[in-house]
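In: Give me a 3D structure for the following:
(4 chains, ligands or ions: 4)
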There are 2 protein chains.
Amino acid sequence: MLNYSVSEENYIKAIFHLQEQAGTVTTNELAGELSTKPASVTDMLKKLKAKKLLHYQPYQGFRLSADGNKVALGVVRRHRLWEYFLSVKLKFSWDEIHEVAEDLEHVSSKKLIDKLDEFLGFPRFDPHGDPIPDINGNIIASKTICLQELTPDTRAIVSNIKDQSTQMLEVLQHKSIGIGTRLEIRRKFEYDKSMEVKIGRLPVITISEHLAKNIFVQAI
Amino acid sequence: MLNYSVSEENYIKAIFHLQEQAGTVTTNELAGELSTKPASVTDMLKKLKAKKLLHYQPYQGFRLSADGNKVALGVVRRHRLWEYFLSVKLKFSWDEIHEVAEDLEHVSSKKLIDKLDEFLGFPRFDPHGDPIPDINGNIIASKTICLQELTPDTRAIVSNIKDQSTQMLEVLQHKSIGIGTRLEIRRKFEYDKSMEVKIGRLPVITISEHLAKNIFVQAI
DNA sequence: AAATAAATTTAGACAAAGCTAAAAAAATAA
DNA sequence: TTATTTTTTTAGCTTTGTCTAAATTTATTT
Ligand SMILES: [Mn+2]
Ligand SMILES: [Mn+2]
Ligand SMILES: [Mn+2]
Ligand SMILES: [Mn+2]
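Out: Numbering: from 1, shown residues only, chains lettered A, B, ... in the order given. Ligands and ions are numbered 1, 2, ... in the order given. Model prediction:
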């Protein structure tokens, strides 16, 4: 396995995440995601194409090649294992881990990561509920549903939080919602698309449309 | 506290180590230490001087300023804490940790390092016996003696190993010597400057001049 | 189907960090 | 004290990754 620069890895990971949504990625999207300029993106695309990590024809959008995908899964594995370490072992709070993992993910010793994985007990999900690729790059394709789509009287387990900001953490903590929380939809209101949800024996809480769109669950 | 590039940090740390020996450092020495060219060193010296991290007049040698020293202690702290983590938590062997720590030391989140320190139980020495600067940059000035200098019938505790190669590890393990090992000098031979040493109830072992020069101890 | 707007690429610059080869300064030897 | 050698610095070039401004291509409106 070759080694890639920090910049290359950040681009590859960003493309990986963007193409999960739309299949193919555009220059502007990627520039937005990386807080850089479209011209810089074009330069990097040429480089990644030359290294056969990317399928790309000028003006046509792009997506990772099989090799590019493998590289991306390596970066994602490192990122999420470090997030787990920071959260579980170092007791970082939920919203501080991403930034630090953004640096740690580029330390590329394979042995380091595999030993870290073992030390952590081979966790399969990071603290945001995202699946961690295993040593062979296999990743659990968890079929989660957006909370917003559930109908009354359905029960579900919170498995993933999309927005990972401090503000999100604040509201989640206030409402006693976290990864693994079991909840039951009680009512939905057409007016503002808000819903009422029951968690354990706690009083019923209200969840706004905005919030529900960022919470993903597995139905039971 | 400002942030420095990976390259700047590697230069600063190397100067820190070199000046411990000689007080002042030369361009060629530093180029050798960093496996780079003297011309590249001169370029970096100018930059570090401009940032007031270095006392430097062309052709005159150089040493870190007070600020430069502080930066160096930060890098050394990170390096040695990660070495401890790799050795104690991830069970890396003694000779593999330096290389990985060489990368990890540049992840500069202060909170990460202080939490790691706490997680590790505030260790004061790394796996090679080198002191770890604390959160304020204070470092234990351990007054160790070279094993070669001890005379027969002296007892001592191994506190530091200078050469950190795989070859050194092999011979140390074979002879049951590690950091913390108590030993007693039994005989010294003028002929080849070798010595005989007793460790616990084990049979007496012979230590060559070459080996003894790389082992540092505290007398008891 | 033009005309206009938006997205993308190209051209040209720049900063960081490295290199080689040549020049200059300092140290050492004759 | 010269002459020679060693050390250090300077000059000029390269690569990586970024930027702005201009050109080009594609998409959207009239
Ligand atoms: Mn990153
Ligand atoms: Mn995550
Ligand atoms: Mn380093
Ligand atoms: Mn060490």
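In: Now A:Phe122. Its backbone dihedrals?
Out: When read as degrees, to the nearest 10, the backbone of A:Phe122 gives phi 50, psi 60.
In: Let me see the contact set for it.
Out: Applying C-beta atoms under 8 Å, 6 or more residues apart in numbering or on different chains, one finds that A:Phe122 lies in contact with A:Asp134. (C-beta placed from N, C-alpha, C; glycine too.)
In: How confident is the prediction for it, by pLDDT?
Out: The score at A:Phe122 is 98. That number is its pLDDT.
In: cool, and the one 4 residues further on?
Out: pLDDT recorded at A:Asp126 is 94.
In: Could I get the average pLDDT for stretch A:93-113?
Out: Average pLDDT, stretch A:93-113: 95.
In: Now look at it and say if it contacts chain B.
Out: Yes - Stretch A:93-113 comes into contact with chain B (C-beta under 8 Å from any C-beta of the partner chain), by way of A:Glu96, A:Glu99, A:Val100, A:Asp103, A:Leu104, A:Val107, A:Ser108, A:Ser109, A:Lys111, A:Leu112.
In: which of the residues you listed sit farthest apart?
Out: Maximum pairwise distance among the residues of stretch A:93-113 next to chain B (C-beta to C-beta): 26.9 Å, between A:Glu96 and A:Lys111.
In: give me the element A:Asp67 is part of.
Out: Following DSSP states H and E, one finds A:Asp67 within helix A:66-84.
In: quick one: the helix or strand that that helix is followed by to helix A:66-84, angle?
Out: Remark: after helix A:66-84, the chain's next helix or strand is helix A:97-104, criterion DSSP H and E. Angle, helix A:97-104 to helix A:66-84, by axes from the mean of the first three to the mean of the last three C-alpha atoms, to 10 degrees: 130 degrees.
In: so how far is the helix or strand following helix A:97-104 off the chain centroid?
Out: Per DSSP H and E, helix A:97-104 leads on to helix A:110-119 as the next helix or strand towards the C-terminus. In terms of C-alpha atoms, centre = their mean, to the nearest Å, the centre of helix A:110-119 is found 21 Å from the chain centre.
In: Going by contacts, tell me the helices and strands next to helix A:110-119.
Out: Packing partners of helix A:110-119 (3 or more C-beta pairs under 8 Å, 6 or more residues apart in numbering or on different chains; DSSP states H and E): helix A:66-84.
In: In the record's domain split, what are the boundaries for chain A?
Out: Listed domain ranges for chain A are A:6-64, A:145-219 (source: automatic domain parsing).
In: outside of the helix holding A:Asp67, which residues touch it?
Out: With contacts defined as C-beta under 8 Å, 6+ apart, helix A:66-84 is touched by A:1, A:4, A:9, A:12-13, A:15-16, A:48, A:52-54, A:64, A:97-98, A:100-102, A:104-108, A:113, A:116-117, A:120, A:123, A:126-128, A:130-134, A:137, A:139.
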